[in-house]
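Enquirer: Have a look at this prediction, sequence included:
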Amino acid sequence: MRLSVKAPAKINLSLDVLYKRPDGYHEVQMVMTTIDLADRIELVALPEEDAIRIVSQNRFVPDDCRNLAYQAAKLLKETFSIRQGVAISITKHIPVAAGLAGGSSDAAATLRGLNKLWQLGLTIDELAELGAKIGSDVAFCVYGGTALATGRGEIITPIASPPPCWVVLAKPPIGVSTAEVYRNLQLEHVSHPDVDAMVRAIERQDYTAICQLVGNVLEEVTLKKYPEVAHIKEQMKRFGADAVLMSGSGPTVFGLIEHDSRMQRVYNGLRGFCDQVFAVRLLGERHSLD
Ligand SMILES: C[C@@](CO)(OP(=O)(O)O)[C@H](O)COP(=O)(O)OP(=O)(O)OC[C@H]1O[C@@H](n2ccc(N)nc2=O)[C@H](O)[C@@H]1O
Ligand SMILES: Nc1ncnc2c1ncn2[C@@H]1O[C@H](COP(=O)(O)OP(=O)(O)O)[C@@H](O)[C@H]1O
């Protein structure tokens, strides 16, 4: 049996860090939303072989137990004593180590897919709870759509999706370590975005307010280390994006744009000096288990 599952990227419209916790993680408050830039996960049952195989053509993607999709399959196998194997093919479209949760989304898609393939009958809440054991962003990726994420990012409260718009993404050729960015964050020096106001602006579908309220406390850390990220931000503003922000720990910068012609201008302008540029739509729908 074979199954194909879509694994979309996320962006953080608002990302605040409240404090460092005794367990080493940071307490966060984020508004996250999925976008139409996705990896494709193919799951093939290996009934004769009790192994997890990862297949990927992308040289930045580990093909062993470091792969988050591998960890998702292993977690399900161990928790439910599954005695059969699976081959997981990952076709990457989401840039790696980019602040777009590509690995987390691959893990979440693997959880949703194996729930079907192995007929486990788990609810989406149960899958999200398992996902949180793999990484802080995995629970959100299990649900998709738009949500307020709190705790270390694993406590998910679904909210309405923002009004439809274009998202132009530009990723400079650097990979960022999330752990390092959190480690270098100096909370006494940051200005905090108003996450609650962002949630309210989304709930009332107020595009102008959403654009005014975007903010990410991790920006300062990554921009300081990589001035090219600040440069991309400036260019995206100059070409006319309605709002510009770095996603997650970076280095990907995204711009929100309402009108098609403006999107084309921003996209073409950025392609002049950045290799990885994408123009996609927000994905309104949450994932269902059907
Ligand atoms: C910054 C964010 C924003 O959505 O995304 P990315 O930039 O990675 O996409 C997330 O908080 C990243 O989530 P994720 O990438 O799943 O992190 P994890 O694997 O759980 O943790 C990686 C490391 O980041 C640090 N970490 C992560 C989450 C958190 N709330 N506090 C932390 O301090 C810890 O040092 C941890 O060891
Ligand atoms: N399926 C996967 N796809 C991409 N990267 C993965 C995957 N599994 C594990 N990784 C590792 O996770 C790290 C972070 O990747 P990714 O999830 O793309 O970035 P981010 O945490 O910035 O959103 C990478 O350096 C990579 O080695």
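Expert: Now that the structure is in, tell me what you want to look at. Keep in mind that what you see is a predicted model, and the values were worked out from it rather than measured. Ligands and ions are numbered 1, 2, ... in the order given.
Enquirer: list the contacts for the closest residue to Tyr25 other than its chain neighbours?
Expert: In space, and not counting its chain neighbours, Tyr25 is closest to Arg152: 4.1 Å by C-beta to C-beta, 6 or more residues apart in numbering. (Glycine included, C-beta is placed from N, CA and C.) Residues in contact with Arg152 (C-beta atoms under 8 Å, 6 or more residues apart in numbering) are 21, 25-28, 136.
Enquirer: buried sites along the strand or helix carrying Val142?
Expert: Assigned by DSSP states H and E, Val142 belongs to helix 138-143. Neighbour counts over helix 138-143 (16 or more other C-beta atoms under 10 Å) mark 138-143 as buried.
Enquirer: Tell me which two of the residues you listed sit farthest apart.
Expert: Taking C-beta to C-beta, the two most distant members of the buried residues of helix 138-143 are Val138 and Tyr143; they sit 10.3 Å apart.
Enquirer: Show me the common contact partners of those two, please.
Expert: Listed contacts common to Val138 and Tyr143 are Ala128; contacts here mean C-beta under 8 Å, 6+ apart.
Enquirer: Name the SS class of the nearest residue to Arg271 once chain neighbours are set aside, please.
Expert: Computed as C-beta to C-beta, 6+ apart, the closest residue to Arg271 that is not its neighbour in sequence is Val277, at 5.0 Å. Three-state assignment for Val277 (DSSP: H, G, I helix; E, B strand; the rest coil): strand.
Enquirer: Establish whether the top strand by length along the chain and ligand 1 are in contact.
Expert: Taking DSSP state E as the assignment, the strand of the chain that covers the most residues is strand 26-46. Yes: using C-beta under 6 Å from any ligand atom, strand 26-46 reaches ligand 1 at 26, 28, 30.
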